[in-house]
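Visitor: sequence and predicted structure below; questions after.
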Amino acid sequence: MIDIYQQATKLSLNVDKLNFLMYDMAYEGNWEPYFKYIADRLDNQSSICEFIEGEAHIKAFILAYLGLNSYYIARPEYESNKGYTDIFPQPRLLQLPDMMYSYCIEVKYAKRDADDAEIERLAADAKRLLKQYAASEWILQDKESTGLKSIVLVFKGWKLLKVEEV
């Protein structure tokens, strides 16, 4: 899969770096560098026509990267408290019982001409939703013994503008 990716895009995928960042996320709770790395890859590899799909394209891109690791099972649109968290990387605790962190991720997308007020509104909405989702029975059960971190990612076009923990 990595070879096909590299041939198709003419860009390299640094799997070692990706695995290092994921390890740091899973065991140290240091999640921000991982998502900034994905956002950088998104910025470098996406064309303008892909942003017709907006948020769906960004979520698919993040899910593809999350699928390249052995730490989590990336669960999109995961049911939680009468809603669906965008992405729940469910920890693989059978294989990695000492894993420390799991995540609930909400992705918001604004068009490239959005103003600061729109970005703040999207971030506030994501935070509200994450508080609801983090209290859900499903998330609490599936995170098991890990500490749950709720993450807001707000994109303006293909640029990651807000990366926050709730």
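Guide: Sure thing, it's come through.

Visitor: C-alpha from now on. contacts and neighbour counts both.
Guide: Noted.

Visitor: was I right about Phe155 contacting Glu106?
Guide: No: counting by C-alpha atoms under 8 Å, Phe155 stays clear of Glu106, with 11.1 Å between them.

Visitor: low-confidence ranges, this protein, go.
Guide: 1-13, 45-53, 78-83 (pLDDT under 70).

Visitor: tally of neighbours for Ile151?
Guide: Here the number of neighbours of Ile151 (other C-alpha atoms under 10 Å) works out to 23.

Visitor: for Asp43, see how far away Tyr65 is.
Guide: 14 Å (C-alpha to C-alpha, to the nearest Å).

Visitor: Gln90 now?
Guide: According to C-alpha to C-alpha, Gln90 and Asp43 sit 26 Å apart.

Visitor: got it, and Lys111?
Guide: 14 Å.

Visitor: quick one, helices of the protein?
Guide: With DSSP state H as the criterion, the chain has helices at 2-9, 15-28, 32-45, 55-66, 116-134, 137-142.

Visitor: may I see the buried residues of the shortest one?
Guide: Of the residues in helix 137-142, those buried under the neighbour-count criterion (16 or more other C-alpha atoms under 10 Å) are 139-140, 142.

Visitor: what's the answer for the fifth one, then?
Guide: For helix 116-134, burial by neighbour count (16+ other C-alpha under 10 Å) applies to 119, 122-123, 126-127, 129-130, 132-134.

Visitor: tabulate the residues you listed in a markdown table, adding columns for distance to Ile151.
Guide: Output for those, formatted as a markdown table (distance: C-alpha to C-alpha, whole Å):
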| residue | distance to Ile151 |
| --- | --- |
| Ile119 | 15 |
| Leu122 | 13 |
| Ala123 | 10 |
| Ala126 | 9 |
| Lys127 | 8 |
| Leu129 | 11 |
| Leu130 | 8 |
| Gln132 | 13 |
| Tyr133 | 11 |
| Ala134 | 10 |
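
Visitor: nothing else from me, thank you.
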